[in-house]
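A.B. asks: Make a model of this:
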Amino acid sequence: MNQADQSGTPHSTSTSSISVQVEPATAPGVVKYHDPYQALRYRDFRFYVFATFLSAIGEQMLSVAIGWELYQRTNSPLALGFVGLAQVSPALILSLPAGSLADRLNRKRMMLFAQGLFAASAVGLTLLSYFQNPLLLIYGCLVLLGIGNAFSNPVGSALLSETIPENAYENAATWQSSSWQLASMGGPALGGLLIAIFHSTLPVYILNTVATLVVILCFLLMHVTGTAHVGKVKERSTLRSLTEGFTFLRRTQVILAAITLDLFAVLLGGAVTLLPIYARDILRVGPTGLGILEAAPSVGALLMTLALAHTPPFKKAGRALLLAVGIFGVATCIFGVSHIFWLSLIMLAVLGASDNISVVIRSTLVLTRTPDEMRGRVSAVNGLFINMSNQLGGFESGMAAQLLGPIGAVSFGGVGTIVVVGLVAAFWPEMRNLGTLIEEKTVEMISALPEAEVVEVLSSTPDA
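C.D. replies: So this is what the prediction gives:
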């Protein structure tokens, strides 16, 4: 047990996996415990993380297989860009209705429905690869995958809050990101290895189908009912219900700033979309090298996740987020001009590490500063922005590479990301001044709610 010295400097030590800290602002004799494995001690969260892990493995293997197959068959960067467009189009149409439904219906059943769409898409891609059907049908399966994502993103984020208590949200966001990044590290490498061994993408599609079925089983085994929020949402017109997520974000400026940073950083810095071109034509490392390149961002992200899990929560989260996205832009520029394989790997790892900081901060803000009865709608808007940045970013990268070449496209995106960081820092003082992610959340949450819901939240929020 440590005590603060007379200068007010905090000391810390650790016993097993529990870190013990005393801060100057804490009353004498009162200690704060930081448990890096807090969220993992809950059974339903472990099932949730494992399902996320398997889903991400399948998603990343699928990304490698589709990118390699399309580029091999077309030799067109634009064909890679249409992959993102096919998946984001359903999200633009369906995300808001899905978020509204997630605040009214059984979230667990909605998640199972989304996973069923993933399974159907996986089976379709397997059959199309085996019979070498036209490319248009592959894009059709990607549209079906996009429909599944439109439902799973808002529902999954909202369902996560039912698996753990509120004080574990930041830790849960860290481990959820860790599971995704670990899978993203192994998924591309495994996908590239399977393509290299079998000289075909078919084994990748088959394995993705199996992984999707196991994910469905994980959600079936969870004890959460998915109905903790039911009855809390007041009936309103359909249009008003759909737009309340936007209204909440407009009033919660710090979340809006975090989402804006992520949106434009990924939209402009879409280097990962062009990795098949870099692997074959610039770095000349083939499908095995492509798998390694795809895994590099996840290696950096995983290392960053482990560091975040074993350190206390952010005290200056806003500055950390701005710095992380700025580093993301610089690393994108260096990767764009690199012709050296090991340097490209390092820059991709830096991209992943800095992006992971952004993911943890943004995810924690959405969880902690959104009331449960609005999590579906707010998560839908958040997911809509994420899908737009990821998939439209891929389309933008493909178009830019067609016009400027891959090196010019990636470098231009990196510079644009740095400019966006400067603009967000200038126009959103809430982001510059953001301290801890939990502190004073209730006041900000209530001020962002529609007026009719303030009384309800005050009566149900202990901190109020």
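
A.B. asks: Count residues in the vicinity of Cys76, would you?
C.D. replies: One thing to correct before we go on: residue 76 is Ser, not Cys. By other Cβ atoms under 10 Å, the residues close to Ser76 number 13. (Each C-beta comes from the backbone N, C-alpha and C, glycine too.)

A.B. asks: before we move on, what about Glu430?
C.D. replies: Glu430: 16 neighbours (other Cβ under 10 Å).

A.B. asks: Just confirm it contacts Ala257, I think it does.
C.D. replies: Yes. With contact defined as Cβ atoms under 8 Å, Glu430 reaches Ala257; the gap is 6.2 Å.

A.B. asks: show me what contacts Leu351?
C.D. replies: 269, 271, 297, 300, 328, 331-332, 335 (Cβ atoms under 8 Å, 6 or more residues apart in numbering).

A.B. asks: what about 10 Å?
C.D. replies: 265, 269, 271-272, 296-297, 300-301, 327-332, 334-335, 414 (Cβ atoms under 10 Å, 6 or more residues apart in numbering).

A.B. asks: where's it, which helix or strand?
C.D. replies: Element membership for Leu351, per DSSP states H and E: helix 341-368.

A.B. asks: buried stuff in that helix?
C.D. replies: For helix 341-368, the neighbour count (16 or more other Cβ atoms under 10 Å) marks 341, 344-368 as buried.

A.B. asks: and after it, which helix or strand comes next?
C.D. replies: helix 375-387.

A.B. asks: Output that next one as CSV - backbone C-alpha positions only.
C.D. replies: Provided in CSV are the C-alpha atoms of helix 375-387 (Å, rounded to 0.1, in the frame of the first residue of the first chain):
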residue,chain,number,x,y,z
ARG,A,375,-27.6,3.7,-27.1
GLY,A,376,-29.0,2.0,-30.2
ARG,A,377,-29.7,5.3,-32.0
VAL,A,378,-26.4,6.9,-31.0
SER,A,379,-24.5,3.8,-31.8
ALA,A,380,-26.2,3.7,-35.2
VAL,A,381,-25.0,7.2,-36.0
ASN,A,382,-21.6,6.4,-34.7
GLY,A,383,-21.6,3.2,-36.8
LEU,A,384,-22.8,5.1,-39.8
PHE,A,385,-19.9,7.5,-39.6
ILE,A,386,-17.5,4.5,-39.1
ASN,A,387,-18.9,2.7,-42.1
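
A.B. asks: got the angle between that helix and helix 341-368?
C.D. replies: Going by axes from the mean of the first three to the mean of the last three Cα atoms, to 10 degrees, helix 375-387 is angled at 160 degrees with respect to helix 341-368.

A.B. asks: I'd like to know which elements helix 375-387 is packed against.
C.D. replies: helix 77-102, helix 107-131, helix 135-160, helix 238-251, helix 253-268, helix 341-368 (3 or more Cβ pairs under 10 Å, 6 or more residues apart in numbering; DSSP states H and E).

A.B. asks: rank the ones you listed by mean pLDDT and give me the bottom one.
C.D. replies: Here the lowest mean pLDDT among those goes to helix 238-251, at a mean of 69.

A.B. asks: just to revisit the earlier point, what residues are shared contacts of Glu430 and Ala257?
C.D. replies: Gly318.

A.B. asks: mind checking which helix or strand the nearest residue to Leu160 once chain neighbours are set aside is in?
C.D. replies: Leaving aside its chain neighbours, Leu160 sits nearest to Tyr48 (6.1 Å; criterion: Cβ to Cβ, 6 or more residues apart in numbering). In the assignment (DSSP H and E), Tyr48 maps to helix 43-74.

A.B. asks: Mind giving me the packing neighbours of that helix?
C.D. replies: helix 77-102, helix 107-131, helix 135-160, helix 169-198, helix 202-221, helix 275-277, helix 286-309.

A.B. asks: now the fifth one, how far from the chain's geometric center?
C.D. replies: Centroid separation for helix 202-221 versus its chain: 20 Å, with Cα atoms, centre = their mean, to the nearest Å.

A.B. asks: Taking helix 107-131 as reference, get the angle to it.
C.D. replies: 170 degrees.

A.B. asks: State whether Val224 is indeed within a strand.
C.D. replies: No. Read with DSSP: H, G, I helix; E, B strand; the rest coil, Val224 is coil and lies in no strand.

A.B. asks: on that earlier part again, tell me the buried residues in the helix holding Tyr48?
C.D. replies: 44-49, 51-71.

A.B. asks: cool, and stretch 318-338?
C.D. replies: Here stretch 318-338 shows 318-322, 324-336, 338 as buried, counting by 16+ other Cβ under 10 Å.

A.B. asks: For the closest residue to Leu94 other than its chain neighbours, list the residues it contacts.
C.D. replies: Leaving aside its sequence neighbours, Leu94 sits nearest to Ala150 (Cβ to Cβ, 6+ apart; 3.8 Å). Residues counted as contacts of Ala150 (Cβ under 10 Å, 6+ apart) are 87-99, 114, 117, 380, 383-384, 387.
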